[in-house]
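**Q** Provided below are the primary sequence and the corresponding predicted coordinates.
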Amino acid sequence: MNYPIYLDYNATTPCAPEVVKAMIPWFGEHFGNAASKSHAFGWVAENALDEAREQVANLIGAQAKEIIFTSGATEAINLAIKGTFDLYKGEKQHYITCETEHKAVLDCMKSIEEAGAEVTYLPVDKNGNISLADLNSSILPHTKMICLMWANNETGIIHPIAEIAGLAEERGIVFFTDGVQAAGKTQVSVKGIHLMAISAHKLYGPKGVGALYIRHNHSLPKPLAQIHGGGHEKGFRSGTLNVPAIVGFGKAAEFRLDEMNVESERLKNLREFLENKLLTIPDTFLNGSQNRLSHVTNIAFGGVDGEDLLRKVCQKVAVSSGSACTSISPKPSHVLQAMGLDHDLGRASIRFSLGRNTSEQDVVDTVVWVEKVVLGLRG
């Protein structure tokens, strides 16, 4: 198939060749169940999981025993939020999150609200930033969790995680962060964080595997399991572990740790070229601020219909109008709405996210095509 230029790396990344190579033996030659403790097939699989757990932990500055493997970030988010809610069941509970969180978080919050929790949704300014003063004043005596993402999936905006973690620590509150877009893209540390969700397919690993970091040796409690069965993953997440995918996750984490800083600088240069060129088109606007991931830009194109724009651009450049989970919706992005964009501009906004395989020529060709599309639609 003749694919278009791919600039939708925040939706998913291609599995890196070294990851695929690392995974292949675990589908056939080393097919054992890691829970089989009585023979070599199980021992070999378990050793592979131990190595992958160490590799993933190293990526975020954690200990291997603090990594709980899941089927992806959505499951990790559900375990963190619903597991904490279940832990405090019977008590008055209050949670703090943000209007621009990923739908996986917002839907979990809606679920626990329906079950009796109070939830505060912090607003953001026109650049997508929260106010630490608003966060501090929102804390109540019965606040159980602060839940704020590391970096936004649509705009790349980075929240002040260290300050949020310090506030949560000072007040004795669980701090859970969705680190999906940040891990493997920028420096991440779990210092002061109680829970963090990450995903393999956002950092050149396979789909269908993620992890929840759960802080060890701390007075704050841990979430209760949401999937019960054989007591796998220290009882936090039962189910036979996907050894090939976890091996791939570990390999991806290992090489991203090695190449991340250099690659981030390369992508920043390409992103700035793309962004600066597109913003010379009349009536275009940057959604967000400069405090964001180096490979992401979100641009609004005035004077065009959003659906027509996206359909036409995607003929030659694969991009999105927001989260992959909600991209089929004709509604404007909830993230951009929270930032104050009007309905039409929100729908006519495109997220460009660059990645490992993005070349300078890809960016040059994208600029030419997008400009042609926008000017053509404006007539």
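**A** Thanks, I have the structure now. Numbers count the residues shown, from 1 in each chain.
**Q** tell me which residues of the lengthiest helix in the chain are tucked away?
**A** Longest helix in the chain, counting residues (DSSP state H): helix 243-278. For helix 243-278, the neighbour count (16 or more other Cβ atoms under 10 Å) marks 243-257, 260, 263, 266-267, 270-271, 274-275, 277-278 as buried. The C-beta positions use only the backbone N, C-alpha and C, and glycine is treated the same way.
**Q** ok, then the element right after it?
**A** strand 284-286 (DSSP states H and E).
**Q** Spit out the contact partners of the residue nearest the centre of the chain.
**A** By Cα atoms, centre = their mean, the chain has its centre lying nearest to V180, at 2.4 Å. Going by Cβ atoms under 8 Å, 6 or more residues apart in numbering, V180 touches A73, H102, M149, N153, A197, I198, S199, K202, G210.
**Q** switch to 10 Å and redo it
**A** Applying Cβ atoms under 10 Å, 6 or more residues apart in numbering, one finds that V180 lies in contact with 10, 72-74, 76-77, 102, 104, 149-151, 153, 196-199, 201-203, 210.
**Q** again with T84
**A** With Cβ under 10 Å, 6+ apart, T84 has these contacts: 93, 95, 112, 117, 144-145, 147, 174, 176, 194-195, 220-224.
**Q** next one: V367
**A** With Cβ under 10 Å, 6+ apart, V367 has these contacts: F273, L274, E275, N276, K277, L278, T280, I281, V317.
**Q** Which ones among the contacts of V180 map onto strands?
**A** When DSSP state E is applied, the contacts of V180 are split such that M196, A197, I198, S199, G210 fall in strands.
**Q** Which parts of this protein belong to which domain?
**A** Here the domain parsing of the chain from automatic domain parsing is 5-12+261-378, 17-255.
**Q** Would you mind measuring the gap between the ends of stretch 118-130?
**A** 19 Å (Cα to Cα, to the nearest Å).
**Q** and it, how far from the chain's centre?
**A** Here stretch 118-130 shows a centroid-to-chain-centroid distance of 18 Å under the convention Cα atoms, centre = their mean, to the nearest Å.
**Q** Kindly provide the whole-number mean pLDDT of it.
**A** Over the span of stretch 118-130, the pLDDT mean works out to 97.
**Q** The stretch 101-250 of the chain: helices as residue ranges?
**A** In the stretch 101-250 of the chain, the helices defined using DSSP state H, counting those that start in this stretch lie at 103-114, 132-138, 161-171, 243-278.
**Q** Run through who's touching the shortest one.
**A** Under the criterion Cβ under 10 Å, 6+ apart, residues 94, 96, 98, 120-124, 131, 146, 148, 159-160, 163-164, 166-168, 170-171 lie in contact with helix 132-138.
**Q** mean confidence score for stretch 210-222?
**A** 95.
**Q** Then stretch 78-91?
**A** Mean predicted confidence for stretch 78-91 is 97.
**Q** now stretch 173-182
**A** On average, stretch 173-182 scores 98.
**Q** List only those of the contacts of T84 flagged as buried.
**A** With neighbours counted using 16+ other Cβ under 10 Å, the contacts of T84 contain these buried positions: 93, 95, 112, 117, 144-145, 147, 174, 176, 194-195, 220, 222-224.
**Q** which of those lies closest to L377?
**A** Using Cβ to Cβ, the shortest approach to L377 within the buried ones among the contacts of T84 belongs to C147, at 38.9 Å.
**Q** contacting residues for the closest one?
**A** 77, 80-81, 84, 95-98, 101, 105-106, 108-109, 119, 174-178, 195.
**Q** what does G288 give?
**A** 126-129, 152, 154-157, 296-299, 335-336, 339 are the contacts of G288 under Cβ under 10 Å, 6+ apart.
**Q** Tell me which residues touch the residue nearest to R347 when sequence neighbours are not counted, please.
**A** Distance criterion Cβ to Cβ, 6 or more residues apart in numbering; nearest residue to R347, sequence neighbours excluded, is G306 at 3.0 Å. By Cβ under 10 Å, 6+ apart, the contact set of G306 is A300, S321, P330, P332, H343, D344, L345, G346, R347, A348, S349, I350.
**Q** For the closest residue to the fifth one other than its chain neighbours, grab the count of nearby residues.
**A** Once its chain neighbours are removed from consideration, H343 has its nearest residue in P332; the separation is 5.5 Å (Cβ to Cβ, 6+ apart). Residues near P332, counting by other Cβ atoms under 10 Å, number 20.
**Q** in a strand, that's where P332 is, yeah?
**A** No: under DSSP: H, G, I helix; E, B strand; the rest coil, P332 falls outside any strand and is assigned coil.
**Q** rewinding a little: any idea of the pLDDT on the residue nearest to R347?
**A** On the pLDDT scale, G306 is placed at 95.
**Q** So it versus A348, what's the distance?
**A** As judged by Cβ to Cβ, to the nearest Å, G306 and A348 stand 4 Å apart.
**Q** Name the residues contacting each of these two.
**A** Contacts common to G306 and A348, judged by Cβ under 10 Å, 6+ apart, are A300, S321, P332.
**Q** Can you verify my assumption that the first one contacts L345?
**A** Yes: taking contact to mean Cβ atoms under 10 Å, the distance of 4.5 Å between A300 and L345 places them in contact.
**Q** Need the overlap of contacts for these two.
**A** In contact with both A300 and L345: D283, F285, N287, G306, L336, using Cβ under 10 Å, 6+ apart.
**Q** could you flag which of those are buried?
**A** So, by 16+ other Cβ under 10 Å, the buried ones in the shared contacts of A300 and L345 are N287, G306, L336.
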